[in-house]
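**Q** fold the following.
(one chain, ligands or ions: 1)
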Amino acid sequence: MSSPIVGILMGSESDRAVMEETAKMLERFGVPYEVIVSSAHRHPKRTREYVQSAADRGIKVIIAGAGMAAHLPGVLASETTLPVIGVPLPGSALNGVDSLYSIVQMPAGVPVAAMAIGTHGAKNAAIFAVEILALADPELRQKLADYRADWSRS
Ligand code: RP5
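**A** Numbering: from 1, shown residues only. All right, here's what the predicted structure looks like:
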């Protein structure tokens, strides 16, 4: 198994079912990834240590799913210049609209790419990560073209 180049993080075990969609999509493109459950508020030290060492370990893109206050993607982005893609997760009384507003509203200087709420966002986060990686990988670019052609036919 190749070393992971995408880090999939989530704030809670309760986020795993949706974020599995990200993992499945990366597998479809043959992109190696790792999955970490680490909350920005419950495990701040572990979360910081993970992201501070990510680039040196070969991680190129970080995908972070979080619900409710959904501060995880922004906290991760504050500790790295790797691209961070945020997935707002439903489950709260506000059905993920709270998470969407949190993730999409990063102040200038520390961007997070905000996806749609829930499984659509989880899948698109993987595709967006592949698009970033494909900038330097012609084989991956071809896989994206093939995927898009198949998807257009369905
Ligand atoms: C966030 O709070 C997590 O990302 C999760 O979506 C939400 C609820 O977490 P649990 O109480 O289910 O652990 O930090």
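**Q** for this structure, what lies in contact range of the ligand?
**A** 10, 11, 12, 14, 15, 39, 66, 67, 68, 89, 91 (Cβ under 6 Å from any ligand atom). For every residue, glycine as well, the C-beta is placed using N, CA and C.
**Q** select only the buried ones of those in ChimeraX?
**A** In ChimeraX, this line selects whichever of those come out buried by 16 or more other Cβ atoms under 10 Å:
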select :10,11,12,15,39,66,67,68,89,91
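**Q** quick check, central residue of the protein?
**A** The chain has residue 63 as the residue nearest its centroid, 1.5 Å off, counting by Cα atoms, centre = their mean.
**Q** ok, back up a step: farthest-separated two in the residues of the chain next to the ligand?
**A** The span of those, defined through Cβ to Cβ, is set by 39 and 91 at 14.2 Å.
**Q** okay, now the unreliable bits of the protein?
**A** Applying pLDDT under 70 to the chain flags residues 1.
**Q** hmm, try it at 90
**A** Judged against pLDDT under 90, the low-scoring parts of the chain cover residues 1-2, 151-154.
**Q** which stretches in it count as strands?
**A** Counting by DSSP state E, the chain has strands at residues 6-10, 33-37, 61-67, 84-89, 113-114.
**Q** sheet partners, orientation included, of the last one?
**A** Based on DSSP bridges, the strands next to strand 113-114 in the sheet, each with its direction, are strand 84-89 (parallel).
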